[in-house]
Structures are given as C-alpha cells and as structure tokens.
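Visitor: Let's see this in three dimensions:
(4 chains)
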Protein chains: 4
Amino acid sequence: MRRLLLSNDDGVHAPGLRALHDFLCDHARLRVVAPDRDKSGASNSLTLTRPLALVVLDSGFYSVDGTPADCVYLGVNGVWEEKPDLVISGINHGGNLGDDVLYSGTVAAAMEGRNLGMPAIAMSLVGERYFETAGRVAASLVGAAESLSLPPRSLLNVNVPDVPWSEIRGFRVTRLGYRGPAERPMKVLDPRGRERYWIATVGENADDGPDTDFAAVEAGYVSITPLQTDLTQHTALDDVQGWLDALA
Amino acid sequence: MRRLLLSNDDGVHAPGLRALHDFLCDHARLRVVAPDRDKSGASNSLTLTRPLALVVLDSGFYSVDGTPADCVYLGVNGVWEEKPDLVISGINHGGNLGDDVLYSGTVAAAMEGRNLGMPAIAMSLVGERYFETAGRVAASLVGAAESLSLPPRSLLNVNVPDVPWSEIRGFRVTRLGYRGPAERPMKVLDPRGRERYWIATVGENADDGPDTDFAAVEAGYVSITPLQTDLTQHTALDDVQGWLDALA
Amino acid sequence: MRRLLLSNDDGVHAPGLRALHDFLCDHARLRVVAPDRDKSGASNSLTLTRPLALVVLDSGFYSVDGTPADCVYLGVNGVWEEKPDLVISGINHGGNLGDDVLYSGTVAAAMEGRNLGMPAIAMSLVGERYFETAGRVAASLVGAAESLSLPPRSLLNVNVPDVPWSEIRGFRVTRLGYRGPAERPMKVLDPRGRERYWIATVGENADDGPDTDFAAVEAGYVSITPLQTDLTQHTALDDVQGWLDALA
Amino acid sequence: MRRLLLSNDDGVHAPGLRALHDFLCDHARLRVVAPDRDKSGASNSLTLTRPLALVVLDSGFYSVDGTPADCVYLGVNGVWEEKPDLVISGINHGGNLGDDVLYSGTVAAAMEGRNLGMPAIAMSLVGERYFETAGRVAASLVGAAESLSLPPRSLLNVNVPDVPWSEIRGFRVTRLGYRGPAERPMKVLDPRGRERYWIATVGENADDGPDTDFAAVEAGYVSITPLQTDLTQHTALDDVQGWLDALA
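Guide: Residues are numbered from 1 along each chain as shown, chains lettered A, B, ... in the order given. Okay, here's the model as predicted:
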C-alpha cells in the first residue's frame, strides 16, 4: 500500500485537512504532519533560527510549531525511516489561483515535497463548504498519480470549485492566471491612536483568459496546473546578455 | 533623479543594507523600508493576520514588524504618493543561488516589487566580508537599469563573489543551478530532555553546470539570473492533458 | 446557575483544560477561552501591538491567538454581555510552586480575572497523570467559593499532587516557597555551528520549609496559597525613606 | 569599579536605553543586554521553547531575540564569568505605575535580576521627552545603591516625571496605586471584514491617594516604590484556613 504524507497551511485542526485524511485513508497509508496554527500565506519559508517540536496528537496527526514547508521537511526527512511515495497538501480553505501560488503555504508544502524528491499535489477548495467534493477529487488523482509523468521539479496545483460533486463539469489543464497588483493597505488606528497598516485584499484579476485556472474554476471545472520550481526565466537569458554586453 | 525603494531580509540594522544605501545614495533618491529583525528564509510570506507598524528610525530608514514582502508592499503601496522607479533588495549576507531563491526573503522582496509593477533586483553577497564589492555592482546595475528590458513579471537575481572589487572577473548571465535535497535535521535535546529538530544545512550541489549561478560565482564572476514569477510549467501542459484524458 | 470563565496556558487543546471543563460542566455554566497554542511561561503579558482573533472551535471552546491574560481579558470584557462570577485557570500540566508564580501563565490568567474584579483560582497538577484528582479538587473549591472572603486583589493558587484521589491526604493553606536562582543556560550549537543558549531547569528549592507549598505537595496535600497582586513591599517603605533622607 | 547590567523592554535600539547607558558609563563598568525588538508588556515571561541568540552589535550592546527576563538571565548567568553588582532596567518610554508593574517588561527585567541575587532598579520616564532627567536620577541612585538595604527578593521601582531636571521637586517613597479595570477592547474589522479585538487603554486611576506613585509623579516628584517578589498574601492565610475548616 502506498504511503502518503499529508500537510496543509491552515493548521492541524483545520476541517480541510481532516476531510483530505478521511477521503484518502482507505486508499493509502497516511502520515499527517501539519502546522500547529494557521500559517496561510507562509509561502516557502523554512524555520532556521530555532529547533522544531513535533508532537503527536490524540488524532494521530503530528503537529509542528512551524511552517508548512517545515512540516513536509520533517515528515519526509526527519523522523521516519520510510519516505512517502507522494506528498499532498490541503485541502486549503480557499483557492490558490494565479499568483496566489507565490504566497501560498499549501503550494509551498507540495513544493517542499517535490524538492525532496517526491511527486506532489496541492489541493485547494475555492470556498469553504464542499470539502467532500475536493476530497473526491483528491482520491481520484491519488489513485491515478502513479501513471503521471512530470518533468523533474514540477508538481500539480489543483483548485476545486466549491460546489457539490454532482455539479463539477470535469477537469481542465490550465496555466496560471494573474491578479493585478494588490490594493493599498487598510489604515487602522490602534487603541492609542497610532496608524497601522493592514495588508488588504488582492487585486482584481488582470489575466483570467480562457486557458487560465481562474476561468476553469469559474466555469465549474477542476483546474489542474503543472507548476515548476525552477524560477529561471530562460527566455530572457539572451536579452540580459545583450544588455550586459552594452554595459561593458 | 530616480526613486529607489531599498529593502532586505536581514533586517533594518544589517550592514548589507547600510552598504547598499551608501553606494546608491548619490545616484538616486532612496527610501529604505526593511524588517525590524532578521527575516532570512521568510520567502514570499505576507502578513495578513495583523496590521503592521511602520516606524521611522533616527537613520531615516523605515522599520516594519513584518516580512520582506510586507516591507516592499508598504514601501510601494502604503504611505507615499510617489511610487519608486525601481526596487532593490539586499545586500544579502550570503548567497541566494539555485533553489535558495524559493526560500529567500531577499528575492521575495524584489519579487514583491515586480508584482507591484516595478523593475526589481535582488542583490546577494556570497559571504559577509566585501559588501563594498556588492555595493559597486549595485551602483553599476542601477545606473544601467533604464536600458534593460525584461519580460513582464521577471526580475534580476544578482550574486556577487565575496572578494575585493579588483578580483571580480566580470559579469555572467546564468541559469539557476540546483542543490540536492536537504540533509536530515539536526536532533537536539531541550533542557528537559525532549527531542527537537533543527532544520539543517542545505544539500550538496546537484546541478552546478557551467552555465549556472553556482559556477559563475565559483569562477569569480558576478552572476546575473533573470527570474520569472509565473510558475506555470508550460512544457508540461500537454503531458498532463494526456494523463487526464487517460483517466477519463 | 453560576457562570465560570475557564482558561489556561497550555493551550485550548490541552487535556488539563478538557478535564477542568468536564469536572465543572455539571456545576456551572462554562465559557472556555484559551490560547491557540502552548503559552507556558507567558506570565502576565498582554498583547498590545496587534488585535486578537477569537475563534469558536467545534468543541465550543474559544481559541485566541494570544496569551492567557489576553484570553481572560477577552472572556470577561470583550464580547459577552454577562460577566463571569468566577475565573478559573488550568489544570496546568505541572506545578506552579514558589516563585514559579511570577512566570506562570496559569497564575496570570487567574490574576487577570482578579484585576477585572472576579474571584479567581489557578489550578495546577504537579505532574501530568491524575488530572481527575485535580478536577475533583476544582469542583469542590468551586462549590465552596461563594463562602470564601479574600482581600481585594488576591486570589488562590492551588497545586494538586499527581496521585489518585484516594491518596490525597487533605488540604493545606501554605505560603509560597522559593526556588534558588536558576542554573546556567544550556549551550547548544545550531546546524551552522553558532552558539545558542537555552534557558534551563529551575534552581534547587532554596526555601521549602514546612509551611510552604512545596512541603504540602511533597507530603501529599493539596496546597492552597492566597496570592496578592499588590507588589508594594510595605515593610520596606521606612527603610527606603531612611536611605533617601541620608542621600539628601 | 562596579559592574552594572543594563536591560530594558523597549528594545536594544531604544533611546531610553542609550540615555541610561550614557549617564552611567562614567560611574561603572556597563554590560548592556536587551531585546532585539520592542517587548513592552512582556511581563516576566521567559523563553523556554527555543534557544536564544546573543549577538553583539556595533554599539557594543548585546541583542537577544527574547524577552527582558531572558536578557537579564543571560546577562547574569549565561556567558560571562563575572556577575554584575547591580541590575538596572530602562529607561522605559512611559511610566510603570500602579498595577502596570504586573505587566511591565522593565520591572520584570529588574525582578529577574533580583531573583538571580542582585539588587535591582527599574527606571521609567512618565513620558518620552526628558530622558536626561531620568538619566540623572539613575546616576544618583546607582551612586548611593551600596548603602541601601532592602529585604531579600525586593527591588526598587522608580518613576520620573517627564520634565526638565530643574523642575523635579524631589524624591518620594511611595506605595503602588491601582488603576481600575481595563476598558473594553477596541473592535476592528480586518480587510476581509472579520471582527478582531484590540486590547485597549488602561482603566482610570481607581486608587491614586497621596501616598501612591501616581500622586508623587503628578506632584512633580520622583517616585520610588520598593517591590516584593513574594506574592503570598500573608494577611489572608488565616481567613483561607477558616474557610477550609468550614469546608471539611
């Protein structure tokens, strides 16, 4: 039976993680290692300045006082002799669409798994109601993951519309869309009257063309985007070389 | 005179940020907004759960109780009427090579600037001694940045060998190399005898071929890598579609 | 039926808090507001630099991303119209004896209740096994608390031996003992070889005379110490005045 | 020459700490160990869950990524062979009057020194302008401290009016006053419209009688209050015993 490592960024007590566990526990041997509190927006951050505590809860889930990437690092690398066959993170409470993936702890958890050599899937529900829909999607993808071949250092980012399973119109392979620049932060006054700044809602969708993840979810499809973790902008190498030559 | 926003991830009191300021202050109008403490490894994380305090220090630098990406967000978007013409982060104490860029707060600060619409440069010194070498590199790049044309949503990641300026052999355009998977965490016992796990040193270089950033720095060159912030693995879209079709 | 506010410092998921709830839920109307993670050693600290999130869990317990004192402040003062009749914190995992009370979040939670005008009790189990013994003690004290008259700004600090209920020898009113100065911190090397310091075990008991809390627990008694929150050293006022007069 | 350990809770870069240093550096050998960021309201909390980094800055001050009590613990106990003769914390930006002392990191730093066996003074300026006034007070108290005899486990809490030195009317020995219960927290909406609670201003003075610290400062005097760290409410021991007897 295959071994799966589950993590998330909403924390070890989040309903989305529980749902993921419950839909997969008959299909694989599960190990759950997740942050002890909500770490949404943690991105790929790793905790380097202090050691981490790994605590087993009554549920059998492991809790870590760190980030999603910390959890996957410890879940793969830390304690157990056997490595997982697949890393799956989520089910995130809310979508990870477009440039959300740069900030998402859910995607980062999957990315950490990928960097450690495992295939990896990030699961997000674009809402907070129909976790069972996303759970079913997860189960079907996990069942088929063995037959998937991806380039090295890539992974799948999956977003599921927040509707009943019966209303899902199918699966679509997509590219990431792009939100516009974020809005100005919200100004708040603290109780002593000092100005503080609260980072606010994301920008409007600037690119949600028909082949994007935004469009797929909007149309009722599960969106599946292959992501890369090599950030080199290969198509710009020549331009930069030309610019450098002109400098010299 | 151009307006530059400076930030970093080592914190507002770090010598590398001071050096960057001192080498650029004659070339541009500078605004410095940086984290109040060391946020190395913060990646792209944004602080969404609480408001941020923006405090001006005696040095004229602004300090934020948040992440590098928070600082750039506030520096661009928060308080001032005029937007900067360029965002530059660093000088990082230590290199940001290969897949370091996924975790680096220095790169994230530049990336945040890029997402907000500005050209952006991340500057790192592969060591902690010759900040003046990196400062000179920064000054020459900033001087020439107006003539650089990059695709949308891309930025420059610059790594400078930690040697005197006279020993720099030149500039090289590079792709990111790749470190191997990280090693196991270090086990430590806390004073009460409980096991804790400290995330350890990065892996050995798994890909440091001649066109990589690793190789350029090793050979004494300043490495310049164009980075993208669109994580779509475009070359894998067809494969994933084929796999999905087989599922159905 | 009386209204009790329960809190603790080990976090909202701690077994000691659950035990306290279960032993009291038939005797009073309970509201539970506790930190979202372990805040042992938080002392009286209040969170002033950011707003707090108060989230209700499936258990009906409220979770706060703050300190024990924050929890009691919000539980008394924040949200509900009706104030509690009594604040009770614990059951702490481990004793709060002697000068532990200066650092204890459990005692601080009770102290915050007292400062807000309620009678308050801090409950600690000197161990981590027999929470039911401490639960029974809590139930009997809560039942009798109406007949207790304490000076303003004082509260009860209760420590229960970690033995079965049948082995408890009785109750003793005690004064605080005193531990000796703490030992040197433990030196650890981080994974990059840098020295770090971990605050270590507490000192040996320097004052555990027969009327102290240390002695009572050691002898198998429940220790009950009335605590004050007025830190003025009244007996030293004349000496300091004499010293000041000599200065002038 | 005597050895003084200086700390504070406003952080190692705070002007009040610098002022304290500058007014004392001719009178004693100084070692400064202070938190790397603002830790106001930290109370006595000690960091037990992770090791601490102790970093020397260009100023010669030591910075710790922890609480005021952590700093004093390390400053006394951690690294240096020679123990200080006196611990002095401050100069706090703002007063520590009445029950403020329960929450104050400034007082906690002094208290930690006292618990480790040194005489200790907490210095606060009731405002943020005339640090030199508080610096002069500190220098005169430090000069005379050798002739002061205090009971074990007690320390001095000093509050200085925020006026020029020439307007100080003298010194007064005081007891702590008492603020009334804190007001309700301020409700704020986060950018996503969720309610959050910000702990607000302290209560009105409920006890500021003529012998209190509140009254002394209000009248233009430096207030000096001896504090105890034994929280036993000795005067209540008999009452609690009577209550217990009635229970049985």
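Visitor: Now stretch A:45-54: average pLDDT?
Guide: In this model, stretch A:45-54 carries a mean pLDDT of 91.
Visitor: Then stretch A:219-233?
Guide: Mean pLDDT, computed over stretch A:219-233, is 96.
Visitor: Just the terminal-to-terminal distance for it.
Guide: With C-alpha to C-alpha, to the nearest Å as the measure, the ends of stretch A:219-233 fall 31 Å from one another.
Visitor: From the chain's centroid, how far away is the helix or strand of chain A with the lowest mean pLDDT?
Guide: Taking mean pLDDT, DSSP states H and E as the measure, chain A has strand A:205-207 as its least confident helix or strand, at a mean of 79. Mean C-alpha position of strand A:205-207 versus that of the full chain (C-alpha atoms, centre = their mean, to the nearest Å) differs by 20 Å.
Visitor: Contacts for the next helix or strand after that strand next, please.
Guide: Downstream of strand A:205-207, the next assigned helix or strand under DSSP states H and E is helix A:213-218. Residues from elsewhere that reach helix A:213-218 (C-beta atoms under 8 Å, 6 or more residues apart in numbering or on different chains): A:95, A:97-98, A:126, A:157, A:159-161, A:172, A:174-177, A:205, A:208-209, A:222-223, A:225. Where C-beta positions appear, they are placed from N, C-alpha and C, glycine not excepted.
Visitor: Which of these fall in strands?
Guide: A:126, A:157, A:159-161, A:172, A:205, A:222-223, A:225 (DSSP state E).
Visitor: which residues are contacting the least confident helix or strand of chain A?
Guide: If you take C-beta under 8 Å, 6+ apart as the criterion, strand A:205-207 is touched by A:98, A:177-180, A:214.
Visitor: who does that strand pair up with?
Guide: The pairing partners recorded for strand A:205-207 under DSSP bridges are strand A:178-179 (antiparallel).
Visitor: is chain D contacted by the helix or strand following the partner strand?
Guide: For strand A:178-179, the following helix or strand on the C-terminal side (DSSP H and E) is strand A:186-189. Yes: Strand A:186-189 reaches chain D (C-beta under 8 Å from any C-beta of the partner chain) through A:186, A:188.
Visitor: rewinding a little: closest one to D:Met118 out of the ones in strands among the contacts of helix A:213-218, please.
Guide: Distance to D:Met118 across the ones in strands among the contacts of helix A:213-218 (C-beta to C-beta) is lowest for A:Asn157, with 57.4 Å.
Visitor: thinking the closest one is in contact with A:Leu227, fair?
Guide: Yes: with contact defined as C-beta atoms under 8 Å, A:Asn157 counts as touching A:Leu227 (5.2 Å).
Visitor: which residues are common contacts for the two?
Guide: In contact with both A:Asn157 and A:Leu227: A:101, A:107, A:176, using C-beta under 8 Å, 6+ apart.
Visitor: So which of these are in helices?
Guide: The helices, defined by DSSP state H, take in A:Val107 from the shared contacts of A:Asn157 and A:Leu227.
Visitor: which of the contacts of strand A:205-207 has the weakest pLDDT?
Guide: Least confident of the contacts of strand A:205-207 in the model: A:Gly180, at 80.
Visitor: right, and that one touches A:Asp208 too?
Guide: No: judged on C-beta under 8 Å, A:Gly180 makes no contact with A:Asp208 at a distance of 10.4 Å.
Visitor: just wondering, since we're on A:Ser147, how far is it from chain B?
Guide: Per C-beta to the nearest C-beta, to the nearest Å, A:Ser147 is found 7 Å from chain B.
Visitor: Oh, that last question was meant for A:Arg196, not what I typed.
Guide: From A:Arg196 across to chain B, the span is 4 Å (C-beta to the nearest C-beta).
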